[in-house]
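**Student:** below are the sequence and a predicted model; questions follow.
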Amino acid sequence: MRDATEIRPPWDDLLKRASASVYQTPAFVLCWGAQAERGEMMYVIVSDEDRPLMLMPLSIVRNGPVSVASFPAGKHANFNLPVFDSAASARLAPEMATLLKQAGREAGINCFALMNQPRIWLGVENPLAALGGEPSPSFGSSLLLDADADRLLARIASKERRRKLRQKQKWLQALGDTVYFEAASAEEAQQVLNAYFEQKSAQFLAQGIPDAFADDDVRGWLHAMAIESIDNGSGTLRLFALRLAGRIVAVWAVGVHRGCASGMLTSHVAEPDIARTSPGELLLEWMIRRLCAEGCIQLDFGVGEARYKSQWSDATIPLFDAYLGVSPLGRAAALAMRSTTRLKRRVKQSERLSRLVKALRRLRR
């Protein structure tokens with residue numbers, strides 16, 4: 001199925017009984033598809049008579065003669081899985097390969113590349129785990145929230161670490177007036193996003209990595225989601241920021257769906273006198289307190305390794321990448337992508353190889 005308007009009713013129905021994250025909501029996916037030319041979108045839907053059991057939005061990208069269907073938003077989506085009826089997971093799993101191949105043939109797809117999937121999400125097994133797949137190069141991390149934020153912080157942070165954070169807050173305040181806030185208007189959303197793009201661009205440049213947010217379409221997509229969240233209260237992209245002496249020095253953004261917050265964006269200025277105060281961590285603590293007060297039950301920190309993730313999370317989320325060839329050409333492409341995943345994982349797991357890759361990136365600057 002290619003028409004998003006036709007699948008919106010079953011999509012909304014499924015989300016009421018689905019084990020899903022914000023990355024599987026219409027507000028996230030359809031906003032992505034609406035931004036400029038992102039190739040075709042297709043929607044695989046499985047029903048039992050008139051009752052939808054599973055819906056999977058996919059983005060189709062054509063690389064030469066090969067057409068590949070993947071989850072929308074690429075690396076901008078951290079945890080991918082279909083929207084499925086939690087009670088039907090075990091029933092769907094044995095049929096997944098057959099169903100996807102049939103859908104692929106009908107849509108003219110050569111292969112499926114389904115990356116960064118949790119095998120279990122919110123206690124329910126992802127039916128696509130039946131495809132097997134490769135362990136993803138990186139894992140995810142999350143934090144179980146608590147209605148009592150002080151109790152939560154005492155659980156995950158030692159007295160010494162909490163003391164250091166209080167000291168850093170004093171250092172920050174010595175530099176000027178500090179204000180923590182959540183963007184509540186289109187103007188504030190634009191200010192926060194502009195600060196994020198500037199801070200992230202500097203970070204990517206220092207690391208020798210291409211700027212993932214340089215594309216005007218990506219920036220427009222994030223802005224559209226933020227405005228939609230403010231106008232409709234959907235929580236698809238909530239922007240939190242720390243302002244120091246009138247300047248935004250740290251940004252955090254999360255998407256919230258059914259009490260589960262997913263970290264999407266984070267940045268802070270790199271200037272030594274400000275960076276030493278850890279403005280990103282201070283903002284994170286403030287945001288966590290806000291989410292706890294609202295009754296959120298989980299905060300995930302996305303995919304990848306970072307020092308703050310190991311300090312603030314209390315669980316890791318194993319992920320897998322599944323590749324499924326539909327045609328002979330697609331099977332060859334799936335084999336090549338599977339080999340690339342194994343190589344990336346090997347680099348990620350080797351401290352020596354990781355240092356070498358980082359050094360080569362810096363040389364290319």
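**Tutor:** Now that the structure is in, tell me what you want to look at.
**Student:** identify the residues contacting stretch 332-344?
**Tutor:** Stretch 332-344 has contacts (CB atoms under 8 Å, 6 or more residues apart in numbering) with 66, 68, 110-113, 115, 134, 136-137, 321, 323-325. C-betas here are computed from N, CA, C, even on glycine.
**Student:** repeat that with 6 Å
**Tutor:** Stretch 332-344 is contacted from outside by 66, 111, 113, 134, 137, 321, 323, 325, using CB atoms under 6 Å, 6 or more residues apart in numbering.
**Student:** kindly report the same for stretch 177-197.
**Tutor:** Counting by CB under 6 Å, 6+ apart, 172, 213, 223, 226-227, 239-245, 248, 251, 265, 267, 286 sit against stretch 177-197.
**Student:** next, the buried residues of it.
**Tutor:** 178, 180, 182-183, 188-189, 191-193, 195-197 (16 or more other CB atoms under 10 Å).
**Student:** so, low pLDDT: which residues of the stretch 151-300 of the chain?
**Tutor:** Nowhere does the stretch 151-300 of the chain drop to pLDDT under 70.
**Student:** just the strands in it please.
**Tutor:** 178-182, 238-244, 247-257, 260-268, 298-303 (DSSP state E, counting those that start in this stretch).
**Student:** may I have the strands that pair with the last one, each with its orientation?
**Tutor:** The reference is to strand 298-303. strand 140-144 (antiparallel), strand 260-268 (parallel) (DSSP bridges).
**Student:** can you check the third one too?
**Tutor:** Strand 247-257 has the following strand partners under DSSP bridges: strand 238-244 (antiparallel), strand 260-268 (antiparallel).
**Student:** just the buried residues of it, please?
**Tutor:** Across strand 247-257, burial judged by 16+ other CB under 10 Å covers 248-257.
**Student:** and stretch 215-225, by the same measure?
**Tutor:** 218-219, 221-225.
**Student:** distance of residue 113 from residue 243?
**Tutor:** Here residue 113 is placed at a distance of 41 Å from residue 243 (CB to CB, to the nearest Å).
**Student:** do the same with residue 67
**Tutor:** The gap separating residue 67 from residue 243 is 46 Å, by CB to CB.
**Student:** with residue 261 instead?
**Tutor:** 22 Å.
**Student:** residue 158 too?
**Tutor:** For residue 158, the distance to residue 243 - CB to CB - is 29 Å.
**Student:** repeat that for residue 8.
**Tutor:** From residue 8 to residue 243 the distance is 38 Å (CB to CB).
**Student:** these two: which has the busier surroundings?
**Tutor:** residue 243 (18 against 13; other CB atoms under 10 Å).
**Student:** and residue 15, its phi and psi?
**Tutor:** Main-chain torsions, residue 15, degrees, to the nearest 10: phi -60, psi -20.
**Student:** can you report how many residues lie near residue 339?
**Tutor:** 12.
**Student:** equivalent analysis for the one 10 residues further on, please.
**Tutor:** The tally of other residues near residue 349 (other CB under 10 Å) stands at 12.
**Student:** which residues touch it?
**Tutor:** Here residue 349 is in contact with no residue (CB under 6 Å, 6+ apart).
**Student:** which residues in the protein form helices?
**Tutor:** Counting by DSSP state H, one finds helices in the chain at the ranges 4-15, 26-34, 89-92, 96-107, 149-156, 159-174, 186-207, 216-232, 272-275, 279-294, 307-312, 328-349, 351-363.
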